[in-house]
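Trainee: from the sequence below, what's the structure:
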Amino acid sequence: MDSEIIIHSRDVLFRISDALDMLSPQLSQHQLRTAYIAWELCKTLHLTEAIVDRVITASLIHDIGALTPEEKIDLHNFEEVDPEPHCVLGEYLLKDIHWLGACARLVRHHHRPWIIWQNQLAPENEWIEPQIIFLADYIERKINRNRFILHQHTQIIEHVLTNSGYLFSPMLVEKFSTASISEGFWLELVSPQLYNHLQKKIPCNDILLSLEEFSRIGVLLRNIIDFRTPYTATHSSGVAQSALHLAKLCNFSEYDLQLMWVAGNLHDFGKVGIPTRILEKPGRLSTKEHAIMKQHAFFTYNILNGLHGFEQICDWAAFHHENLRGTGYPFRLAAENVPLGARIISVADNITAMIEKRPYRSEMTDEQTRAILLFKSRRNYLDEHIVTLAMNNYEDIVGGIRKAQALAVEHYQMNFAPWIRYDGTGLKHE
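Mentor: Numbering: from 1, shown residues only. Presented below is the predicted three-dimensional model:
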């Protein structure tokens, strides 16, 4: 029996990076561009391959701790917002991930000014990597996307020079001046083909993960989306638990049960591209808002599709809003094209959503939940066999959901809630 999975690290990182920056044109490719600048700085410094790999990896996901789009945009626009929360959360999210843990410290300190490192008499091996990311991030955020890059690059260089010795190491500023002297540096930075250029420059390492290590990636990505707001903080944990229970009843292998756990955690990852105001709306969505919300299943598919090791997970997670009538979304798949795993997650998602409190309604009673499940199965929206399994094991399934969600609430309140500074309206919590 297979007990390990191979993933292509570069491709996974690029997809996560792109997903985190997808919500606003202001953010598009921000982390990708930051990684490019960091790469160019690393070249001038002649750093070891291990250091370069660590810096580029951290650059691609350096804002992973900024959970809301409002916080991301404020950080990007140099608004008066404390960068500390997203640095702390970024470190927390990454520190226990097998192949990303080495980047956690870099993410934690990627907004620390040079003057602080200098005052602490920190050795170069402590400050150089986070300083590279800080400088690269700063440069990218200074770019006005509505102006031609060669009409503004001189001013950006001047901004960097002004902050030499305070925000940035003078040595790094000197290296940046060397790297950025050519127009090609700036034109490639804003090129629509930057993704392809970086793919050629950054080696794609195959990483062998145990199923347990692989499952932690699902938990990481689940936390990024679920912990944006208290209203969504427990949903995917409940879906993953109930989907796992149903998959066991369907006699899935141990290997496929692990994949189901990851798929359940990732089923709503596409909501990273949905505005918080819609996720938290204290009322039913309008027709236009519902159309925006329906994008999330396609976003999930687009993020996961083609990733080595995620093939089955992609279909199970992204197709959970398809139905057996062929009227689901995002692809209106015919019944024979909706895999069993997606059918299981669909039932798990329905049960979990109905017994949860939502911004616009209280949780449903068990009687209401059972009645709706039967209604949907009889009309071929949900798989009748899986619904029957759910009905016959209802108390155990709901008990498992509530236990998983209680743990998620505890985790959220202890480790995330103290650092969340934005609500669905974009207001900062004091």
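Trainee: could you pull out the strands for the stretch 301-430 of the chain?
Mentor: For the stretch 301-430 of the chain, applying DSSP state E, counting those that start in this stretch gives no strands.
Trainee: and the helices in it?
Mentor: Under the criterion DSSP state H, counting those that start in this stretch, the stretch 301-430 of the chain contains helices at 311-318, 340-354, 366-378, 384-392, 394-415.
Trainee: of those helices, give the one that comes closest to residue 164.
Mentor: Nearest to residue 164, of all the helices of the stretch 301-430 of the chain, is helix 394-415, at 36.5 Å by CB to CB. Glycine gets a C-beta too; all of them are placed from N, C-alpha and C.
Trainee: list of residues touching that closest one?
Mentor: 92, 226-227, 230, 233-234, 237-238, 240-242, 245-246, 351-352, 355-356, 366, 370, 390 (CB atoms under 8 Å, 6 or more residues apart in numbering).
Trainee: redo that, cut-off 7 Å
Mentor: Outside of helix 394-415, the residues within contact range by CB atoms under 7 Å, 6 or more residues apart in numbering are 92, 227, 233-234, 237-238, 241-242, 245, 351-352, 355, 370, 390.
Trainee: do the same with stretch 349-361
Mentor: Contacts of stretch 349-361 (CB under 7 Å, 6+ apart): 231, 235, 238-239, 242, 267, 280-284, 320, 363-364, 369, 372-373, 376, 382, 390, 397-398, 401.
Trainee: from those residues, list just the buried residues.
Mentor: The neighbour-count test (16 or more other CB atoms under 10 Å) marks 231, 235, 238-239, 242, 267, 280-281, 320, 364, 369, 372-373, 376, 382, 390, 397-398, 401 as buried among those.
Trainee: would residue 237 count as being in a helix?
Mentor: Yes. Looking at residue 237 with DSSP: H, G, I helix; E, B strand; the rest coil, it is inside a helix.
Trainee: buried among the contacts of helix 394-415? Make that a ChimeraX selection.
Mentor: Burial among those is assessed by 16+ other CB under 10 Å; the matching ChimeraX selection reads:
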select :92,227,233,234,237,238,241,242,245,351,352,355,370,390
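Trainee: coming back round to it: make TSV out of the helices of the stretch 301-430 of the chain and add mean pLDDT and distance to residue 104.
Mentor: Shown next, in TSV, are the helices of the stretch 301-430 of the chain (pLDDT from 0 to 100; distance: least, CB to CB, whole Å):
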stretch	mean pLDDT	distance to residue 104
helix 311-318	97	25
helix 340-354	98	30
helix 366-378	97	40
helix 384-392	98	39
helix 394-415	94	14
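Trainee: low-confidence ranges, this structure, go.
Mentor: 1-2, 421-430 (pLDDT under 70).
Trainee: contacts for the one helix or strand residue 290 maps to next, please.
Mentor: Element membership for residue 290, per DSSP states H and E: helix 287-293. Contact with helix 287-293 is made by 274, 278, 281, 285, as judged by CB under 7 Å, 6+ apart.
Trainee: quick one: which of those residues is most hemmed in?
Mentor: Counting neighbours by other CB atoms under 10 Å, residue 274 leads the contacts of helix 287-293 with 21 neighbours.
Trainee: can I assume that residue is in contact with residue 294?
Mentor: No. If you go by CB atoms under 7 Å, residue 274 and residue 294 don't touch, sitting 9.6 Å apart.
Trainee: now do the strands in the stretch 101-250 of the chain.
Mentor: Going by DSSP E, counting those that start in this stretch, the stretch 101-250 of the chain shows strands at 206-210.
Trainee: could the contacts of helix 394-415 go into a markdown table alongside distance to residue 100?
Mentor: Conversion of the contacts of helix 394-415 to a markdown table gives the following (distance: CB to CB, whole Å):
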| residue | distance to residue 100 |
| --- | --- |
| 92 | 12 |
| 227 | 17 |
| 233 | 22 |
| 234 | 24 |
| 237 | 21 |
| 238 | 26 |
| 241 | 24 |
| 242 | 28 |
| 245 | 29 |
| 351 | 32 |
| 352 | 28 |
| 355 | 34 |
| 370 | 42 |
| 390 | 35 |
